[in-house]
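*Asks:* Fold the following and give me the result.
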Amino acid sequence: MRIGILQCDHVRTELRPKFGDYPQMFATMIHNQNPQHDLLNFAACDSELPDQTDLCEAYILTGSASSVYEDLQWIRDLESFVRSLHQQLIPTVGICFGHQLLAQALGGETMKSPKGWGVGITNHRVVANQDWMVPQVDEAKVLVSHQDQVTRLPAQARRILESEFCPNAMFQLGEHIIGCQGHPEFVPEYSHALMEMRKGRMPENVRQAGIDSLTKDTELGPLPLWIENFLKSHQKS
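*Replies:* All right, here's what the predicted structure looks like:
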């Protein structure tokens, strides 16, 4: 399957030698599940988008340090592209910023949460199982790193995962769009490095609890496999 990675940011320069940039993180996550997928990267944050929507069979929107409600041209262009994907029923997955942009572009709302930062590994409840959510579980541990949240889902969207901190943690719209606030592409070491760099930018008790969670809750949920199952359900034979 040819999958387009719509890159919405770059990993900080000092962290790239160890962790790579976002396309490399997603390539590792995707190919660990299915090495046969063909990946194309488009640096949406640098105003690079596919010339036509059918260049790929599916698309994944990455995370970003930007906020979807910022008045930036590349964000507006990406929203327009996402609406075209939706109209054409092209399978699309949004992660963190990508999840928030999908919601905003398709009629929902994203805001900076008064709850502040969500970081580390957090427990999520499954609200509504879907056919592609195999293995089926009642709860899933997910790596998160965000301040913004989807506060209103698009009309007809179904909530799939929720947490106490983030009620709209994952949603599905139609059969072709899913958004996830968590980061299935992150490894705990990268999350730890981000929290070290953000010392002084978030409450110290929140930061330390996030760091502690990386050693206490090491068994992450099946999000990478769920995403593969979702994509596979749309693969043309």
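
*Asks:* ok, Asn168 touching Gly182?
*Replies:* No: contact between Asn168 and Gly182 fails when scored by C-beta atoms under 8 Å: they sit 11.9 Å apart. Quick note: C-beta positions are derived from backbone N, CA and C, even for glycine.

*Asks:* Those two: which is more packed in?
*Replies:* Gly182 (29 against 25; other C-beta atoms under 10 Å).

*Asks:* Quick check: which ranges of the chain have low pLDDT?
*Replies:* Residues of the chain meeting the criterion pLDDT under 70: 217-218, 237.

*Asks:* which residue is nearest the middle of this protein?
*Replies:* The centre of the chain sits closest to Ile95, judged by C-alpha atoms, centre = their mean, with a distance of 1.0 Å.

*Asks:* Pretty sure that residue sits against Gly63.
*Replies:* Yes: if you go by C-beta under 8 Å, Ile95 and Gly63 touch, sitting 5.5 Å apart.

*Asks:* Would you mind measuring from Glu185 to Ile30?
*Replies:* Distance from Glu185 to Ile30, counting by C-beta to C-beta, to the nearest Å: 9 Å.

*Asks:* what do these two both touch?
*Replies:* Pro224 (C-beta atoms under 8 Å, 6 or more residues apart in numbering).

*Asks:* So which elements touch the lengthiest helix in the chain?
*Replies:* Determined from DSSP state H, the single longest helix within the chain is helix 73-87. The helices and strands touching helix 73-87, judged by 3 or more C-beta pairs under 8 Å, 6 or more residues apart in numbering; DSSP states H and E, are strand 58-61, strand 92-95, helix 97-105.

*Asks:* Residues contacting it, please?
*Replies:* 6, 8, 44-47, 49-50, 53, 59, 61, 66, 68, 92, 101-102, 104-106, 173-174, 176-177.

*Asks:* Identify each buried residue in it, please.
*Replies:* Within helix 73-87, the residues that count as buried by 16 or more other C-beta atoms under 10 Å are Trp74, Ile75, Leu78, Glu79, Phe81, Val82, Leu85, His86.
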